[in-house]
Structure formats: C-alpha cells, structure tokens
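Participant: give me a 3D structure for the following:
(2 chains)
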Number of protein chains: 2
Amino acid sequence: MRMTLDEVEALALARLRAAGASDMQAGPVARSIRAAERDGVRSHGLMYLPVYADHLTCGKVDGQARPALSQPRAGAVVVDAAHGFAHPAIDAGLPALIAAARTCGIAALTLRRSYNCGILGHHAEAIAGAGLIGLCFTHAPASIAPPGGRVPVIGTNPLALALPDGAGGARFVLDQSASVVAKSEVMLRARRGEAIPEGWALDDQGRPTTDPEAALKGSMLPAGGAKGFGAGLLVEVLASALSGAVASRDASPFSGPAGGPPGTGQCFIAIDPAAFAPGFAERIAALAGAIEGQPGARLPGSRRIAARARIEAEGTLIDDDLARRLGLATGS
Amino acid sequence: MRMTLDEVEALALARLRAAGASDMQAGPVARSIRAAERDGVRSHGLMYLPVYADHLTCGKVDGQARPALSQPRAGAVVVDAAHGFAHPAIDAGLPALIAAARTCGIAALTLRRSYNCGILGHHAEAIAGAGLIGLCFTHAPASIAPPGGRVPVIGTNPLALALPDGAGGARFVLDQSASVVAKSEVMLRARRGEAIPEGWALDDQGRPTTDPEAALKGSMLPAGGAKGFGAGLLVEVLASALSGAVASRDASPFSGPAGGPPGTGQCFIAIDPAAFAPGFAERIAALAGAIEGQPGARLPGSRRIAARARIEAEGTLIDDDLARRLGLATGS
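Facilitator: You can find the predicted model right below:
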C-alpha cells in the first residue's frame, strides 16, 4: 500500500499519543518518522514506530518527560532529555545552539538521559538550514569491539555533517556510522530472514558470520578496521563522555523492552563560517563541482535528496509485512 | 648512528636557520622534528628536514613570515600563517584558542596560508595538555578520488583527537588519515625502493598498484571506502573551506620545489569538558579500562607513547641513508 507523508505523520502521532506520549513528546518524533519515510530511510521510518510505542508502554521512554535546558558557558548548551525521546530535547536545544554559534562563531549542544535520535543527518540539516555548519555525533548500545579485542565497547556511533546551501537548506549531508553498515541494516535483514554479506559482522565468538541473528549477538565490524573504530571512539567521547550520558557499553538496547531507559547522549556542534573567513559558499560550490563533475561520483546525501523529491510527490510504499505489523488494512 | 633528542633539535635548528628561517620560524619546526623522532614517527622527523630546508630555499616557505592573529568572535580565532611554516602560526594561535575554549566552553582556531603541520596528533596533545579536548583537522594536496571517480579531490586529510589526562598531559591520542595509510608511508617506500601492499593505492589509470612511484602519481585509497572519503571530506570542509585556505586540489605538493607555497590550512577545535557535565575524567578512565582490559586491544596512540619513553632514554637511530642525506659522518 502507498501512504502520503501527511498520512505517515498522522498515523505516527496517533500511535505515540495512544501509547502515552504528550504532544510535546509525540510531535517531533512523528515528524522524524515522516522525514525518514520521505528520504527513503525505511529503517527509521514507520518500521520503527512499533518500537517507539513499545518503549513508551514499558517505560524505556517517559512520554511525559520535559527536557531541561541550560547554558553553562556562552558556547555550551546542555539539555537533559529526562528519559523522554531525543527529538523533543533536540528541538528544545537547537535555537540556543544556533544563537550561540552566531554569537561565538562556534557552539556545542550536548544531550544526556536521551535516546535514539533517529536519522542523525536530519539534525545536521536543521543546523545547516540556519546557515551554519552542522556537525553531529550520537552513540548507541555497544556493538563494536576494539581491534584485537572481542568485547563490544562502542556503538555503531554515527557522525553527520551538513553544510548550508545559502538558501535556507542543506547540502553535503554526510551521515555515516563507524561500522561497515548501520546496525539497523542487520536488524532489517533479521526481520526479513535474509542473510547479511560477509564482512559486516562477527558472531559472539569473534568469527565472521552471514547470519543476522548471530551478528546481533556478536559485534559489528568497523569500516576501515582500526580507523572505523577510531571514528566511533571520537563519537563516543563527544556524544557520551562529554555529554555525561550513559556509556555505550552500559546502555540498554534501542530495541526490545529490557533494561530501562538507554540514557544515551548526543553532541551537536554548530559553526558559523562567516566568523572565520569570507567566501565559504564559493569554496564549497567549487568542491562540490569537482566531485559531481566526475562521471560515477556523487556528493554524500545525494541519494536521499533524490528519494526526497520522488517520495514527496508519490508517497511512500508500505509493504504487507509492515502494514500487518502496524495493523493497517492492506486491501488484499 | 644514534642521536640524542637534543642533538636532533640542534641539528634541525641549525639547518633551518642556514636555509633562511628566522628564529621564530625555525624554533617550532625544530621542536616538531624532535617530537617526531621521540615518538618514532620517522616520516615526520629528520627525514623531512631536507624538504623543509629546500622549501625555504625555493620560496615555498617564507622563512621570515610573521603569523597574524585575529579573533573575530569570542570563540573564533584566526591565524594567517603568511606562507611561513605551520608550527609558528599554530604556536601563535594556541593560547588564544585555549583561553577562548575556557571562556566559551568550545572554540575553534583556523589557519590559512599555512603549510604541512607535521604530526597532527601533537597539536591535539598540546590542547589536551591545557585540560581541554583537542580535535584537529589538517588537509594536504589532493590524492584521494571520490568513490566512483578517478580524479583526486581531497588529500589524505587526517584528523586527530587527544583527551586531557588530568595531570597536564594527554591520553587517547587518535591520529588517523582518511586513506588506508598516510601518504608519507608511500613516500618512505618509494625512497627505499620497496613495494607497497595491494589495497593502499591506485595508479593514475585507477588500477591497483604495488609500485610506490605509480601510487604517488595516482591516488590513495580511502580507509573503509566511501566512509574514509567522507571522513576526508569532513576534514576538507573544516581545514580548507572554513579556514579560507587553498583547496587540496589546488595546493602545490608538500614535497619537491614546484608550485610555490601550498597555502593549505588547519582547523583545531578545543572543548572544555567541565563546561558540559561533571565527571568527564572518570568516564574516560572507565572507557580506557574497557579497551585496555581486553587482551590484544590497546588505546589509540599507545604505540607512540611506548616509543616515546624508550627514545627519550636511548636516543633515536639514524640509518646510513638518512645520515648521508643529512651530510652527517656515519663513522663507517
């Protein structure tokens, strides 16, 4: 079946409210599900809605939480998400982050007692939409072992970068996890009963595996070996240690009802390019041209942008399995 | 032959002065050569001294340059390195960066009309030594093509992270290039006439090669494929586009006399963990323990730290080829 994005958001909002979320908690999450479907990132779209609802029901997320903002220094914005969803806490912090970056040239927002923030690149885009460079970090329950070791210490810990396009939008939307693939890709394969390619993950004995269930019990392989682990460690330091969040290795899973609130964190850095040197937009346009001008090469994020235009117009396709899980009539 | 680190620094200082560098330019570079030898990073030690001297002689580096500092916003420090060496410009900017980070919670220093800054991790360490998180980015003449393309657009563009150890030193010193290996490793193999492993580089037709000379004419492979390119692109945006430096694809080589000053740039971000949440040092200690406690795993930078203790005590070994290139009596 096909749904318009308005229908996606309305469905998400209704289900989150029904599971106990306040309007302040449900609204930003419903919008994030709409944005994920719009960009063709199914793993963070309606597929995640039952998890969000379950987490409200079991108490992993406090549907009545009210994020609390403080600004200890001119460039330091801190939000306690109070074990609610990440999205309303981010919404609470972004205006102060943006104002601080304009004043100081650079500023950082950290969030603690937070949760899975969905598609990280969308938060970087929100910063870029304000004319600033957005550089975002978020961590996740541990799934990557250090090179040479076997026990996961960091999550797939993505980082995202988005640059202002000079017209209130974003370009160069880089969004990449520290692992060869995002863990959500393995979860998607597990749900579908499909094998994963070799080189994505190890089982819990440290052996290569193509079984997504074994991979979820084992560890994800870092992209580029030690360098991928290094990138994930950088994210762990900023999103978890700096923010005062729970460490990835102590966080409860982002799926399933066990373990109480994950209590994970985020760190978002905003930079005003005008504070450092004139001509940033021109340099980025030239850099983009040097990449896009090569046959076969493309800018990071261009696939999502292409999906966006198409799905905005056509709506999003919900497969029968997901429709059943959401309790929707499939017309068959 | 073996040299003490004092001898290394004195030799470097004398040669740089003889090639036309002022004390202000020569001193910080000589200290950086000492620090590279101390950490066992030969590619940036005395091996690079003839290049530095040649670049003074041919005008790629202005030995009389005086870096100019400005602070356009409370958290934005800008240094024009004036086509001198990077190290004196960094020395000029670091005190203002550190003071701004303490005031604002986070601050950034950008450098333009700069040069190869040597071992990036050492600059991150200097920030960590002031009790701050150091996050450093530098770019280099283009050597990595975008995935799907064949023309290099970004350099091997390393990033570095160092964390304060609470006692005026640094730990967790991550220092990694965007490529599978640093280009200096390929240059070292080329100098020695040794082959490089497959998977490091492509020739100028985009074919895998084990010939270091062909690799230097071709492109370096990014670590982890598209994700390594993404990491290098992030560095390009901050070290080059934000700073107002020459783009990697327009920069003259860091070796050889051709092309005039490279005019490359750096971006160093300093973060005061105390501005965001209490307990940072304890969280980092626990994270370090979770890695070091696994047999076979180690913290980033631990190899350099181990070399440091040994070479501080024993001095550094100069092989005959390097001794000849430096015009030193080898005793044979």
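
Participant: helix or strand right after the helix or strand of chain A with the lowest mean pLDDT?
Facilitator: When each helix and strand of chain A is scored by mean pLDDT, DSSP states H and E, helix A:183-192 comes last, with a mean of 88. Next along the chain after helix A:183-192, taking DSSP states H and E as the criterion, comes strand A:201-202.

Participant: could you identify the helix or strand that succeeds the one helix or strand A:Leu97 maps to?
Facilitator: Secondary-structure element containing A:Leu97, defined by DSSP H and E: helix A:86-104. Moving toward the C-terminus from helix A:86-104, the next helix or strand (DSSP H and E) is strand A:106-114.

Participant: partners of that following strand, with directions?
Facilitator: Here strand A:106-114 has these sheet partners by DSSP bridges: strand A:76-80 (parallel), strand A:264-271 (antiparallel).

Participant: quick check: angle from it to helix A:86-104?
Facilitator: With axes from the mean of the first three to the mean of the last three CA atoms, to 10 degrees defining the directions, strand A:106-114 sits at 160 degrees from helix A:86-104.

Participant: now strand A:106-114 - C-alpha only, PDB.
Facilitator: In PDB, the C-alpha atoms belonging to strand A:106-114 read as follows (Å, rounded to 0.1, in the frame of the first residue of the first chain):
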ATOM      1  CA  ILE A 106      31.200  28.000  17.200                       C
ATOM      2  CA  ALA A 107      29.000  26.400  19.900                       C
ATOM      3  CA  ALA A 108      28.100  22.900  21.100                       C
ATOM      4  CA  LEU A 109      24.900  21.300  22.300                       C
ATOM      5  CA  THR A 110      25.100  18.100  24.400                       C
ATOM      6  CA  LEU A 111      22.200  16.000  25.400                       C
ATOM      7  CA  ARG A 112      22.100  13.400  28.200                       C
ATOM      8  CA  ARG A 113      19.400  11.000  29.500                       C
ATOM      9  CA  SER A 114      18.500  10.900  25.900                       C
END
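
Participant: if you average pLDDT over it, what comes out?
Facilitator: Strand A:106-114 shows a mean pLDDT of 99.

Participant: show me how far it is from its chain's centre.
Facilitator: Relative to the chain's own centre, strand A:106-114 is displaced by 14 Å; criterion: CA atoms, centre = their mean, to the nearest Å.

Participant: run the angle between the helix or strand just after that strand and strand A:106-114 for me.
Facilitator: Downstream of strand A:106-114, the next assigned helix or strand under DSSP H and E is helix A:120-128. Here the directions of helix A:120-128 and strand A:106-114 differ by 140 degrees (the same axes, to 10 degrees).

Participant: now the angle from the host helix or strand of A:Ile284 to strand A:264-271?
Facilitator: Using DSSP H and E, the element containing A:Ile284 is helix A:280-292. Relative orientation of helix A:280-292 versus strand A:264-271 (the same axes, to 10 degrees): 110 degrees.

Participant: buried stuff in helix A:280-292?
Facilitator: A:Phe280, A:Ala281, A:Arg283, A:Ile284, A:Leu287, A:Ala288, A:Ala290, A:Ile291 (16 or more other CB atoms under 10 Å in any protein chain shown). All C-beta atoms are positioned from the backbone trio N, CA, C, and that covers glycine.

Participant: partners of the helix or strand encompassing A:Ala160, with directions?
Facilitator: Taking DSSP H and E as the definition, A:Ala160 sits inside strand A:159-164. According to DSSP bridges, strand A:159-164 forms sheet pairs with strand A:133-138 (antiparallel), strand A:170-176 (antiparallel).

Participant: pull the CA atoms of the shortest one into CSV?
Facilitator: So that's strand A:133-138. Taking Å, rounded to 0.1, in the frame of the first residue of the first chain, the C-alpha atoms of strand A:133-138 are listed here in CSV:
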residue,chain,number,x,y,z
ILE,A,133,27.9,24.1,9.5
GLY,A,134,26.2,21.2,11.4
LEU,A,135,28.5,18.5,12.9
CYS,A,136,26.6,15.9,14.9
PHE,A,137,27.5,12.9,16.9
THR,A,138,25.3,10.2,18.6
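
Participant: can you list contacts of that strand?
Facilitator: Residues from elsewhere that reach strand A:133-138 (CB atoms under 8 Å, 6 or more residues apart in numbering or on different chains): A:86, A:116-117, A:120-121, A:123-128, A:157-164, A:170, A:234-235, A:238-239, A:264-273, B:234, B:237-238, B:242.

Participant: show me what contacts A:Leu233?
Facilitator: Counted by CB under 8 Å, 6+ apart, A:Leu233 has contacts A:Ile154, B:Leu161, B:Phe172, B:Leu174, B:Pro300.

Participant: just curious, which of the residues you listed is nearest to B:Arg102?
Facilitator: B:Leu161 (18.9 Å; CB to CB).

Participant: leaving out the residues flanking it, which one is nearest to the closest one?
Facilitator: B:Leu174 (4.3 Å; CB to CB, 6 or more residues apart in numbering or on different chains).

Participant: so the one you found sits against B:Gly301, correct?
Facilitator: Yes: between B:Leu174 and B:Gly301 there is a contact under CB atoms under 8 Å: 6.6 Å.

Participant: which neighbours do those two share?
Facilitator: Common neighbours of B:Leu174 and B:Gly301 (criterion: CB under 8 Å, 6+ apart): B:Gly121, B:Ala162.

Participant: so A:Ser70 sits in a strand?
Facilitator: Yes: counting by DSSP: H, G, I helix; E, B strand; the rest coil, one finds A:Ser70 located in a strand.

Participant: find the nearest non-adjacent residue to A:Arg102, please.
Facilitator: Nearest non-adjacent residue to A:Arg102, counting by CB to CB, 6+ apart: A:Asp272, 5.5 Å away.

Participant: for that neighbour, give me its contacts.
Facilitator: For A:Asp272, the contacting residues are A:Ala101, A:Arg102, A:Gly105, A:Ile106, A:Gly131, A:Leu132, A:Ile133, B:Arg73, B:Ala76, by CB under 8 Å, 6+ apart.

Participant: that older thread, filter the buried residues of helix A:280-292 by proximity to chain B?
Facilitator: Among these, the residues that sit close to chain B (CB under 8 Å from any CB of the partner chain) are A:Phe280, A:Arg283, A:Ile284, A:Leu287, A:Ala290, A:Ile291.

Participant: quick check: the third one touching A:Leu161?
Facilitator: The one in question is A:Ile284. No: under the criterion of CB under 8 Å, A:Ile284 is not in contact with A:Leu161, lying 11.4 Å apart.

Participant: which residues do those two both contact?
Facilitator: Common contact partners of A:Ile284 and A:Leu161 (CB under 8 Å, 6+ apart): A:Phe172, B:Val237.

Participant: for A:Ile98, give me its contacts.
Facilitator: Neighbours of A:Ile98 in contact, by CB under 8 Å, 6+ apart: A:Ile127, A:Ala130, A:Leu132, A:Ala270.

Participant: which one of those is nearest to A:Ala323?
Facilitator: Looking across the contacts of A:Ile98 and measuring by CB to CB, the closest to A:Ala323 is A:Ile127, at 34.8 Å.

Participant: was I right about that closest one contacting A:Ala270?
Facilitator: Yes: if you go by CB under 8 Å, A:Ile127 and A:Ala270 touch, sitting 4.9 Å apart.

Participant: ok, the two, which is more surrounded?
Facilitator: A:Ala270 (31 against 28; other CB atoms under 10 Å in any protein chain shown).

Participant: burial count for the residue nearest to that one when sequence neighbours are not counted?
Facilitator: If the residues on either side of it in the chain are set aside, A:Ala270 comes closest to A:Ala101, at 3.7 Å by CB to CB, 6+ apart. A:Ala101 is flanked by 31 other residues according to other CB under 10 Å.

Participant: okay, now the unreliable bits of chain A?
Facilitator: For chain A, applying pLDDT under 70 flags the ranges A:330-332.

Participant: and with 50 instead?
Facilitator: A:332 (pLDDT under 50).
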